[in-house]
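Student: sequence first, then the predicted structure, then my questions.
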Amino acid sequence: MRSASEKFVSFILGSVVLILFFKFLGWAWDNFEGVFKFMGGIFLVGIVFALIANKNSNNTDEMENGLNSNKNLNVTGEIENKINIDEQAMLDLAKKYQESGEYDKAMPLLLEMAQKGNVDCQFDLGEAYRQGLGVTTNIDRSIYWYNKAAKQNDLHAQFALGVMYLSEDEFPNIHNKDLAFMWIDRASQNIESIPDELKNNNLDFLNFLGEVYYYSGLMYENGWGTNVNHLAAFSDYIMGIKIGSAKCELQYYNLQKTLGI
């Protein structure tokens, strides 16, 4: 440990060195003031140029990022368009095979599109498995694909499910009047959302709608899967009559006769 005298000597020496340093700075400023100012100016100018260069660099990066972003958007758009074109081409080809009776060739295309959520292809698969078109008849698979389409509010699939569940003779293993009513009733209610111009310009479609009303009326008239409701049955038959359903008209008069009206 240093003594008090040693500490004092160190303090004196340090103070002398500090005084001499400040005196040197004063002398240097007096004799080289211009040099210091010149160097300071150069330093400030350098800082300004550095800031400008950094800003330009950032602008360039932003521009490049923007171009890259636009390029990526363009590429994404092109890919999406190509996918849409390819999917439409697949649909057209599947339809062509179906119309020509080449169901075995249509099935792989229908399956691929149905798995992607295409409701028309889901319904077509339900039809194919029910009727054995291009595949072995498989009622479970038919129900599966009809359900997929029906849950997407496809009117044809809803009605097809209802009729299958109602048909005890043809499909005894799945006979279920409650499910039959649920799907037929849902189909009949969905008719209301169909534009009038679509109903009026397609005879086959009108005949189909007439079948929906006819079966819905039968469900209410006989209490299949629901309570007997003659008023609801008459309402369905009348709706069918309005679009030209002869079956609805006949059943309407039969119900009147049965009730003695």
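Tutor: That came through, no problem.
Student: quick one: low-confidence ranges for this protein?
Tutor: 1-85, 199 (pLDDT under 70).
Student: tell me where it has helices.
Tutor: Along the chain, the segments classed as helices by DSSP state H run 4-99, 103-115, 119-131, 139-150, 155-166, 177-190, 196-200, 203-222, 230-242, 246-259.
Student: so the last one versus helix 230-242, what angle?
Tutor: Going by axes from the mean of the first three to the mean of the last three C-alpha atoms, to 10 degrees, helix 246-259 is angled at 150 degrees with respect to helix 230-242.
Student: touching, Ala94 and Ala114? I think so.
Tutor: No - here Ala94 does not reach Ala114: they are 10.1 Å apart, not a contact under C-beta atoms under 8 Å. To be clear about C-beta, it is placed using only N, CA and C from the backbone, and glycine gets the same treatment.
Student: what touches both of those two?
Tutor: Counting by C-beta atoms under 8 Å, 6 or more residues apart in numbering, the common neighbours of Ala94 and Ala114 are 121, 124.
Student: neighbour count winner among these two?
Tutor: Neighbours per residue (other C-beta atoms under 10 Å) separate Ala94 from Ala114, with Ala94 holding more: 25 against 20.
Student: any idea how far Tyr237 is from that one?
Tutor: Remark: distance between Ala94 and Tyr237 (C-beta to C-beta, to the nearest Å) = 37 Å.
Student: how does the chain divide into domains?
Tutor: Domains of the chain are assigned by the TED database as 79-151, 153-260.
Student: what's the closest non-adjacent residue to Ala94?
Tutor: Using C-beta to C-beta, 6 or more residues apart in numbering and skipping the chain neighbours, the partner closest in space to Ala94 is Leu109 (3.9 Å).
Student: how deep is the one you found tucked in, by neighbour count?
Tutor: When neighbours are counted by other C-beta under 10 Å, Leu109 comes out with 21.
Student: that one against Gln98, yeah?
Tutor: No - applying C-beta under 8 Å, one finds Leu109 not in contact with Gln98, separated by 9.5 Å.
Student: find the nearest non-adjacent residue to Glu112, please.
Tutor: In space, and not counting its chain neighbours, Glu112 is closest to Met90: 6.9 Å by C-beta to C-beta, 6+ apart.
Student: would you mind measuring from that neighbour to Asn118?
Tutor: From Met90 to Asn118 the distance is 9 Å (C-beta to C-beta).
Student: looking at the two, which is more packed in?
Tutor: Neighbour count, other C-beta under 10 Å: between Met90 and Asn118, Asn118 has more, with 21 against 18.
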